Each structure stands twice: as structure tokens, then as C-alpha cells.
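*Asks:* Predicted structure and sequence below. I'll ask about it afterward.
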Amino acid sequence: MALTNRDVAPRYGRSTFEVAQSQQGEQQTFDELAQVQSVLADNPQLLQVLEAANVSPEDKQKLLDNVKQALSPLVSNLIQMLFDYGRIGALPLVITDYNARFKAAQGIIDATVTTAVTLSDAQVESLGQAIATRFGGKTAQLQQIVDPTVLGGVKIMSQNQIIDGTVSTKLKKLSAALLAE
């Protein structure tokens, strides 16, 4: 049975993280992988070209060399190795895996927060601290979504959990309870 990119990405992500740790370069590697991720997002066809059968290996390597410019040897070697082993399509998944390991080691919790109105900086700070405490982290990075249909309250999605304290959900529950009786 052939391994998919989803199968191999954690192996590359873990290995990259372990090497970065041994070189005390976790933050630099995180930052460089964010740059690579940005390049991939800005050029969605890049991976397709690097995997295309109708593009010469020399042209692919030139393109890859442009991507690797100004990157540390660790990140440059990772990208080259993925390309050489025919796994360049796994690069986004490897970056995601590395980022998760980095954030876990740093105690950073990612959370999506949905509210009816934009939160003030003080509210974001307070909510971030509460989320970090609730989920056992040091800090929380919040992605804010403003959705007027929630009417009020807050919905938090983090660590594969949902905490829904929105007014719209409470009204739906109340309505269901009234109709059930």
C-alpha cells in the first residue's frame, strides 16, 4: 500500500521540528515556513507545476531554487528532499504539522472566536487569557469572526471543542424546549 502525502507529512514535520530544536532554531524555521506558505498561497499553481510531468526536471529545479533563496539550510534541504522524493505536494501538510508542533511546544492555543460585534483590544486580551487557561496553554491566538446573526455572546472553537454561549443558540434551545413540552 502506497503512503499518501497525508501519511508522510507528520514524519517530515516531526523530523524538521526535532532538527530545529537541536539547532535552537524553532522560531526561525517557523518564520521561514510561514514565508514558504505565503508563497504557496500567492501562487497556487506552483505545486502543480513542480509535480507536472510535462515540465522538464531542469525547469522544475530552477523554479525550486528560486523558492529556496534566502532560506536556511534546514528549510532549503526540507524542500529539496520533498522534491527529490516526489513528495513536494506534501509541503503544505508538512508546514501545518511543523506549525502545530511549534505552537504546542510554545504553549500557544489557536482559537476561532465568533461574536456579534468586533471585540475591543481589552476584550480580546481578556478572552485570550481565559481561553489559554481553559485549554492549558500559555497564550491564545484568536481568529475573530463577526457574525451579527449570533445576536450576542461568544462562540469559541479550539482544540476540537466548541463552547457556544451565543444568544442565538440559547434562543434555539429555549424554543426546542418549549416545543417539546
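*Replies:* Alright, I've got the coordinates.
*Asks:* Show me the helices in the chain, by range?
*Replies:* Applying DSSP state H to the chain gives helices spanning 5-22, 26-42, 46-51, 57-68, 73-84, 91-106, 121-134, 167-180.
*Asks:* quick one: least confident helix or strand in this structure?
*Replies:* Taking mean pLDDT, DSSP states H and E as the measure, the helices and strands of the chain show their lowest mean at helix 167-180, namely a mean of 90.
*Asks:* tell me which residues in that helix are buried?
*Replies:* Ser168 (16 or more other CB atoms under 10 Å). In this view, the C-beta of every residue, glycine as well, is placed from N, C-alpha and C.
*Asks:* Among the helices of the chain, which comes closest to Asp147?
*Replies:* Checking the helices of the chain against Asp147 by CB to CB gives helix 167-180 as the closest, at 9.0 Å.
*Asks:* what's the distance between the nearest residue to Lys68 once chain neighbours are set aside and Ala122?
*Replies:* Once flanking residues are discounted, Lys68 sits nearest to Ser76: 4.4 Å by CB to CB, 6 or more residues apart in numbering. Note on Ser76: its distance to Ala122, by CB to CB, to the nearest Å, is 42 Å.
*Asks:* re earlier: burial count for the residue nearest to Lys68?
*Replies:* By other CB atoms under 10 Å, the residues close to Ser76 number 18.
*Asks:* any idea how far Arg11 is from it?
*Replies:* Taking CB to CB as the measure, Ser76 falls 19 Å from Arg11.
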